[in-house]
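>>> how does the following fold in three dimensions:
(chains A and B)
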Amino acid sequence: MNHEGSLKCVCVENSGLCCTRIENLGVRAGDVTILRDVNLHVHCGEFTAIIGPNGAGKTTLLKAILGEVKHTGHLRFVRSTGIAKEKPVIGYVPQNLNLDATSPTSVLDLYAVCRSRSPVWFHIPKRVEQKAKECLARAKADHLLHKRLGALSGGELQRVLLSLALDPVPELLLLDEPVSGIDQNGLELFYDLLSDIRRNYDLSIIMVSHDLDLVARHADRLVLLNGTVLASGAPREVMESESFRKVFMGMR
Amino acid sequence: MVMELWYKLVDLLPFEWAEPGKMLFMKNALLAVLLLAPIFGILGTMIVNRQMAFFSDALGHGAFTGIAIGGLAGFMQPLWSAVIFSVVFSVGISVVHHRTKMSSDTIIGVFSSVAVAAGIFLATAGGKSFARLNSYLVGSILSVTPSEIAVIAIMLVVVIIFWLIFFNRLLFASINDVLARSRGVHTFWLETLFSAAIAVLVTVSMSWIGLLVINSFLVLPAAAARNIARSQKQYHMIAVSISLFSGVIGLIASYYTETASGATIVLISAVIFFATLFIRRLRA
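From the prediction side, this is the model:
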């Protein structure tokens, strides 16, 4: 159940599946150890949710995978062709944006700064607009094209960011779920979308999540993190584990 | 050549100072404002996006120190030493901000006040009077010369090219720097380059607009445009329009009210800012 014991799924090179391996990953900030001995194997087509208490290092783990924070240990990405590479195409959905609500940045502006070289203050070509629409449609957000980012609801913004993360289609999709600000309907819709994406694309999904009920229903695997991996496996297994009870006792 | 053409054009205006052969300084100033205002309008949009109004204010203080150092070293034109100093100053703030966990507010506050103190210390060293530096504090666009106008025109062209190439990445970095970096944007270098551009603009224009009000001229048009714009394109169009409008009207008004042009320009853009704030209230 705990540590590597449960990691039965070993990446087999040339297995026809792409996968992500995290081996002995550790992160320190000064004298404080944030993460140690983190081992994870994530296969393509799999939706892995990372859960854990506040300060467990969940966001730090995502940042280490992104290369934002220094870490020890190894990250390996093996493509479906069996070729290992250091840097996969990563799609990242951040928790939030640094915008004030009055920012005159439309959803189309955001798409264009991310995916196009045409300066958005000067001119956004029709073909970029068309592509933005197609991209947003994948996350049921195409009707938001001309809305300002600051005027979106939490759920709408999350869908916009998801559609952006899928363009181009990444090998690894990382999501940092907002702690709050998304209504129940928005959450359901978002998890349904993730399930579709997992089925329709050849990619691995790692999501930091705060909604245990939804995660239990939608994720293929749960990873209980608190400084290191305390438990990992099928949602039910993890949620019935001793570590889970210890960490979340009194919370539910 | 170009100036002759410009004078002929201005001669068509129905103002007493616009009569042929009269008040060339006013006509020079008008052309300078027409070229300078779009630069302030354009760069100001990103200053407000990135919430760095306090930072650009500090850059003015750094530029002032540069002028004092240049004066001390005995350069005829302290301007160039000031440009170099304030670019180093802006990069210094960026690096310190990047390396420490202190809030940018604190870091900028420290740098800014140290710069002013050092500037005054150096300028008054040896019992010299501070008065000769007053012109930098209040500024006078009427003193602008045709060769300086050429410098402004070059700055405008450089800023537009810079904006065409780097704007998308700068905006992306301001929206979410981690996301931007995950897409291969080199956020630190871009931000440093942008800060340096602001430093150069503020330093060069300080003697025309005035250190005390120059930051408002950067921030106000963009802040006003933000109240009504719904996309980056509208934001830029409106900010540059407001900047041009207040620049030109402020300059002409200052002729009749016999006030400092920089301050008059800023007051006009302030009026526009409050008007747009009111419009936003009405819409909401």
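>>> check contacts around the closest residue to chain B within chain A.
Nearest to chain B, among the residues of chain A, is residue A:104, at 3.8 Å (Cβ to the nearest Cβ). From N, CA and C alone the C-beta is placed, and that goes for glycine too. By Cβ atoms under 8 Å, 6 or more residues apart in numbering or on different chains, the contact list for residue A:104 reads A:148, B:225, B:226, B:229, B:230, B:231, B:232, B:234, B:235.
>>> put the buried members of those residues into a ChimeraX selection.
The ChimeraX selection below is limited to those of the contacts of residue A:104 classed as buried (16 or more other Cβ atoms under 10 Å in any protein chain shown):
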select /A:148 /B:225,226,229,231,232,235
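>>> would you list every one of the strands in chain A?
Counting by DSSP state E, chain A has strands at residues A:19-29, A:32-43, A:47-51, A:72-78, A:84-85, A:90-93, A:172-176, A:204-208, A:221-225, A:229-233.
>>> and the third one, how far from the chain's centre?
Its chain's C-alpha centre and that of strand A:47-51 lie 9 Å apart, by Cα atoms, centre = their mean, to the nearest Å.
>>> determine which two of the contacts of residue A:104 are furthest apart.
The largest distance within the contacts of residue A:104, taken as Cβ to Cβ, falls between A:148 and B:225 and amounts to 13.5 Å.
>>> next, count neighbours for residue B:19.
Neighbours of residue B:19 under the rule other Cβ atoms under 10 Å in any protein chain shown: 12.
>>> what's the distance between it and chain A?
Per Cβ to the nearest Cβ, to the nearest Å, residue B:19 is found 39 Å from chain A.
>>> wait, what's in contact with that residue?
So residue B:19 contacts residue B:11 (Cβ under 8 Å, 6+ apart).
>>> ok so, going back, compare the mean pLDDT across the strands of chain A and name the weakest.
Across the strands of chain A, strand A:84-85 has the smallest mean pLDDT, namely a mean of 68.
>>> ok, and for the helix or strand where residue B:90 lies, which residues are buried?
Residue B:90 is located in helix B:78-99, with elements delineated by DSSP states H and E. Under the neighbour-count criterion of 16+ other Cβ under 10 Å, helix B:78-99 has B:78-79, B:81-87, B:89-90, B:93-94, B:97 buried.
>>> which ones are touching the closest residue to residue A:149 other than its chain neighbours?
Using Cβ to Cβ, 6 or more residues apart in numbering or on different chains and skipping the chain neighbours, the partner closest in space to residue A:149 is residue A:105 (5.1 Å). For residue A:105, the contacting residues are A:99, A:148, A:149, A:150, B:49, B:171, B:175, B:231, B:232, by Cβ under 8 Å, 6+ apart.
>>> sketch out the low-pLDDT regions of the chain for me.
Reading this off chain A. A:1-17, A:80-82, A:84-86, A:250-252 (pLDDT under 70).
>>> let's do chain B instead
B:73-76.
>>> how about the residues of it by chain A?
With Cβ under 8 Å from any Cβ of the partner chain as the criterion, chain B comes near chain A at residues B:45, B:49, B:51, B:163-165, B:167-169, B:171-172, B:174-179, B:181-183, B:225-227, B:229-236, B:280.
>>> just the buried subset of these, written out for PyMOL, thanks.
Selection of buried members from the residues of chain B next to chain A for PyMOL, criterion 16+ other Cβ under 10 Å:
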select buried, chain B and resi 45+49+163+167+168+169+171+172+174+175+176+177+178+179+181+182+183+225+226+227+229+231+232+233+235+236
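>>> among the residues of chain B next to chain A, which are in strands?
Short answer: the residues of chain B next to chain A have none in strands (DSSP E).
>>> out of everything not next to it in sequence, what's closest to the residue in the stretch 1-150 of chain B positioned nearest to chain A?
Of all residues in the stretch 1-150 of chain B, residue B:49 sits closest to chain A, at 6.9 Å by Cβ to the nearest Cβ. Ranked by Cβ to Cβ, 6+ apart and with sequence neighbours excluded, the top spatial neighbour of residue B:49 is residue B:174, at 5.0 Å.
>>> then residue B:159?
residue B:39 (5.2 Å).
>>> what does residue A:225 give?
Nearest one to residue A:225, counting by Cβ to Cβ, 6+ apart, is residue A:52 at 4.0 Å.
>>> for the one you found, give me its contacts.
So residue A:52 contacts A:58, A:224, A:225, A:226, A:230, A:247 (Cβ under 8 Å, 6+ apart).
>>> quick check on it: phi, psi?
Note on residue A:52: its backbone torsions stand at phi 160, psi 170 [degrees, to the nearest 10].
>>> the one 5 residues further on now?
Here is the backbone geometry of residue A:57 (degrees, to the nearest 10): phi 100, psi 20.
>>> rewinding a little: mind putting the buried residues of helix B:78-99 in JSON lines, distance to residue B:26 included?
Listed next are those as JSON lines, based on distance: Cβ to Cβ, whole Å:
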{"residue": "B:78", "distance to residue B:26": "26"}
{"residue": "B:79", "distance to residue B:26": "23"}
{"residue": "B:81", "distance to residue B:26": "30"}
{"residue": "B:82", "distance to residue B:26": "27"}
{"residue": "B:83", "distance to residue B:26": "27"}
{"residue": "B:84", "distance to residue B:26": "32"}
{"residue": "B:85", "distance to residue B:26": "32"}
{"residue": "B:86", "distance to residue B:26": "29"}
{"residue": "B:87", "distance to residue B:26": "32"}
{"residue": "B:89", "distance to residue B:26": "34"}
{"residue": "B:90", "distance to residue B:26": "33"}
{"residue": "B:93", "distance to residue B:26": "37"}
{"residue": "B:94", "distance to residue B:26": "39"}
{"residue": "B:97", "distance to residue B:26": "42"}
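>>> what is the nearest of these to residue B:8?
Residue B:8 lies nearest to residue B:79 out of those, by Cβ to Cβ, at 30.4 Å.
>>> so what's residue B:257 up against?
So residue B:257 contacts residue B:264 (Cβ under 8 Å, 6+ apart).
>>> against residue A:244, how distant is residue A:42?
The gap separating residue A:42 from residue A:244 is 20 Å, by Cβ to Cβ, to the nearest Å.
>>> same drill for the two, tell me which one is more crowded.
Under the criterion of other Cβ under 10 Å, the comparison of residue A:42 against residue A:244 puts residue A:42 first, with 24 against 20.
>>> ok, residues contacting stretch B:160-176?
Contacts of stretch B:160-176 (Cβ under 8 Å, 6+ apart): A:94, A:96-99, A:105, A:109-110, A:112-114, A:116-122, A:149, B:42, B:46, B:49-50, B:179-180, B:183, B:185, B:187, B:190-191, B:193-194, B:197, B:232.
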